[in-house]
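A.B. asks: Give the three-dimensional model of this entry:
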Amino acid sequence: MGKLFGTDGARGVAVTELTCEIAMQIGRAAAMVLAKESGHTELNFLIGKDTRVSCDVLEAALAAGIASVGGNCNLAGTLPTPAVSFLTNSRGYTAGIMISASHNSFEYNGIKLFASTGYKLPDETEEEIEALIFENPERITAALKSAEKVGRIVHDKTAAAEYVKHITDAVSGLKLSNTRIAIDCANGASYITAEKIFAAFDAKVFLINAAPNGVNINKKCGSTDMNTLISFVKDKKCDIGLAFDGDADRCLAVDETGAIIDGDRLIAIFAKDMKEKETLEKSTAVVTVMTNLGFLEYAEKNGVNVLSTKVGDRYILEQMVDKGYNLGGEQSGHIIFRDHATTGDGELTAVKLLEVMKQTGKPLSELAAVMSVYPQVMLNVTIPPEFKERWKNETEVSELIDAAKAELGSAGRILVRESGTEPLIRVMAEGKDFKQINRLAGEIAAKIGERIKK
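C.D. replies: Below you'll find the predicted structure:
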């Protein structure tokens, strides 16, 4: 069977890898599977998209696929991913679909599916959709409707406004009249909603990288490249800078001095605040194996329990739902507040952070000092499809990884894994001695590269 879905939906180079034909089949198969799971007699789907030039053709293919098996489509236009998640649940849709490749460059695109609950689909459901497409396409053909029974496709004019209200309601009463906020929209979906959200609190808002042209999404901007935001915060003497990715499910911050505050530090700030307010369920934060060792030290000293998962906000959320936790996230800026959202939400993270700053009266630099950060080195090695998983069986690679772990001992760690969204092996080394971890990461990455060529 083929493999469409990674850790964050189906993803690939738009049109040539993630083709219109595949998008149409995903629409058809998803409608068939999710109709059965939701129990809805009438099938209604919400579709949102980011600002990539390829979104329109994939949207058309998806909608055609859904309608061809009898489902109705509500096209909400450009929206952040968390808006699709929220509205799918609040409006009672059969499912929601977001067309986005998140933090990736414009030539990539992706299809993220949400159940009627607003949660991302579990692996088993995605596998059932894949099985229909690759193993039982005749069942899809048999499900095609005659002309009078095809679904309807309409355009939604109110989705963005509903989402903006949802975010502002999450911090009702917040006033930021003397706060200067710089917001980097990554030329992505948040350009639709960010100004309306933050202006609602009477803040002085500066938007940058908020002029998408279809190909500049995430290009030297947003949460993947924060140099422009750092300079802007310092030049304009802003109190805070906020950086979103292309679909705004991530948020990273810049403090008033120009220092980057990553997802680990944000979670530490929120965990401390929620624990003090006695709203942190079971005094627990859910993080990933990539979370900085400094966070683990902070948590131990401050009575915060930590549960670690595989990398990917879907795995964080699974544990949160399963065990009843309400705060989780990862270093990249996916932060989940389960009291308010069913997925990572960059703009929600941002307003919650501003709320903590306002209530404590502390600048972001002081809040972020709650935890120390161990140096980390992350190197990426591009791999061809045929080498996926095979590198784990390379003796020279595994022996080098084991030796590096032994050298670091309890003073650091090594983590080598395949990306769930890109054709990369990620090599992460962490420890107190930067020169040491930089050397170890470089040696491992070089060895993997060497073995790939053999």
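A.B. asks: my guess is residue 269 contacts residue 353, does it?
C.D. replies: Yes. Under the criterion of C-beta atoms under 8 Å, residue 269 makes contact with residue 353 at 6.9 Å. The way it works is simple: take the backbone N, C-alpha and C, and place the C-beta from them, glycine included.
A.B. asks: give the contact list for residue 411.
C.D. replies: 431-433 (C-beta atoms under 8 Å, 6 or more residues apart in numbering).
A.B. asks: which of these are buried?
C.D. replies: residue 431 (16 or more other C-beta atoms under 10 Å).
A.B. asks: show me where the stretch 301-450 of the chain has helices.
C.D. replies: Along the stretch 301-450 of the chain, counting by DSSP state H, counting those that start in this stretch, helices occupy 313-323, 346-360, 364-368, 395-408, 434-452.
A.B. asks: Check which helices and strands the shortest one sits against.
C.D. replies: Contacts of helix 364-368 with other secondary structure elements, assessed using 3 or more C-beta pairs under 8 Å, 6 or more residues apart in numbering; DSSP states H and E, are made with helix 263-276, helix 346-360.
A.B. asks: quick one: contacts of that helix?
C.D. replies: Contacts of helix 364-368 (C-beta under 8 Å, 6+ apart): 239-240, 253, 255-257, 259, 261, 265, 268-269, 353, 356-357, 360.
A.B. asks: ok so, going back, among the contacts of residue 411, which ones are in strands?
C.D. replies: residue 431 (DSSP state E).
A.B. asks: quick one: which of the contacts of residue 411 is nearest residue 188?
C.D. replies: Minimum distance to residue 188 across the contacts of residue 411 is 34.2 Å, recorded for residue 431 (C-beta to C-beta).
A.B. asks: who's that closest one bridged to?
C.D. replies: On the basis of DSSP bridges, residue 431 takes part in beta bridges with residue 412.
A.B. asks: That one against residue 407, yeah?
C.D. replies: No. Taking C-beta under 8 Å as the definition, residue 431 is not a contact partner of residue 407, at 9.5 Å.
A.B. asks: Quickly find the element holding residue 241.
C.D. replies: strand 240-244 (DSSP states H and E).
A.B. asks: Could you export that strand as PDB, CA atoms only?
C.D. replies: C-alpha atoms of strand 240-244 as PDB (Å, rounded to 0.1, in the frame of the first residue of the first chain):
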ATOM      1  CA  ILE A 240       7.400  41.800  22.200                       C
ATOM      2  CA  GLY A 241       7.700  40.300  18.800                       C
ATOM      3  CA  LEU A 242       5.500  37.300  17.700                       C
ATOM      4  CA  ALA A 243       6.300  35.000  14.800                       C
ATOM      5  CA  PHE A 244       3.900  32.600  13.200                       C
END
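A.B. asks: contacts for it?
C.D. replies: 80, 179-186, 188, 190, 194, 222-223, 226, 229-230, 232-233, 250-256, 333, 346-347, 350, 353-354, 357, 364.
A.B. asks: Give the PyMOL command for selecting the buried subset of those.
C.D. replies: Buried members of the contacts of strand 240-244, defined by 16+ other C-beta under 10 Å, are picked up in PyMOL with:
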select buried, resi 80+179+180+181+182+183+184+185+186+188+190+194+222+223+226+229+230+232+233+250+251+252+253+254+255+256+333+346+347+350+353+354+357+364
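A.B. asks: Just the ones of the contacts of strand 240-244 in strands?
C.D. replies: 180-184, 251-254.
A.B. asks: Redo the residues you listed as JSON lines? Include distance to residue 288.
C.D. replies: Below are those laid out as JSON lines (distance: C-beta to C-beta, whole Å):
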{"residue": "180", "distance to residue 288": "33"}
{"residue": "181", "distance to residue 288": "28"}
{"residue": "182", "distance to residue 288": "28"}
{"residue": "183", "distance to residue 288": "26"}
{"residue": "184", "distance to residue 288": "24"}
{"residue": "251", "distance to residue 288": "16"}
{"residue": "252", "distance to residue 288": "16"}
{"residue": "253", "distance to residue 288": "19"}
{"residue": "254", "distance to residue 288": "23"}
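A.B. asks: right, and out of these, which lies closest to residue 400?
C.D. replies: Distances from residue 400 to these, taken by C-beta to C-beta, are shortest for residue 252, at 31.7 Å.
A.B. asks: That concludes my questions; thank you for your assistance.
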